[in-house]
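*Asks:* sequence and predicted model, in that order:
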Amino acid sequence: MAENKYAKYILTDVKPMERPLPVPEMIEKQRRAGNYVESTWMFALDDSVARGAFYTNCVWLWSKKGSGNLEMEIAHTHDFDETLGFVGTVPGKPRELGGEIELWLEDERYVLNKSCLIFVPGGMKHLPLYIHWIDHPIFWWTAGNGTMYTRTSGKEV
């Protein structure tokens, strides 16, 4: 059977990255100490998957392991606009996050406990991102109007 003309635009599996993103040493150190988040990387879309597509990543955050706040990402910037989304799965309470996440926009700290969308203009320093706790799975995605994920700062490993 011939494949449909536009089937390439429907993703049902994550495409392996051509080269993995570097993992900052402090994140590896946390994991070795037993502090990590059980997660599933669901989808990745960019120009290498569908020509002209903007970049998008989707991850399920299932549960937090270990004690203390867990740093998931370091502060960085992009030369494109980006959105971050966090959606909770508390039954009957879709606006509740079911966890607590801390993130920074420039020098301002935000503690999230509600499902939300965040707009990050190109060039704005954002994050680090910390997971304080997770009681219910959280769906996290990022998307930017660049065709490939790149950073202009925050490349430290």
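*Replies:* On my side now, so go ahead. Numbers count the residues shown, from 1 in each chain.
*Asks:* excluding chain neighbours, what is closest to residue 11?
*Replies:* Spatially, and ignoring its direct neighbours in sequence, residue 11 is nearest to residue 43 (5.4 Å; CB to CB, 6 or more residues apart in numbering). Where C-beta positions appear, they are placed from N, C-alpha and C, glycine not excepted.
*Asks:* ok, now which ones touch the residue lying closest to residue 64 once chain neighbours are set aside?
*Replies:* Of all residues not flanking residue 64 in the chain, residue 134 sits nearest, at 4.7 Å (CB to CB, 6+ apart). Listed by CB atoms under 8 Å, 6 or more residues apart in numbering, the contact set of residue 134 reads 37, 61-64, 98-99.
*Asks:* got a quick ChimeraX command for the buried subset of the residues you listed?
*Replies:* Listed next is the ChimeraX selection for buried residues among the contacts of residue 134, using 16 or more other CB atoms under 10 Å:
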select :37,61,63,64,98,99
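*Asks:* farthest-separated two in the contacts of residue 134?
*Replies:* Across the contacts of residue 134, no pair lies farther apart than 37 and 98, at 13.3 Å, counting by CB to CB.
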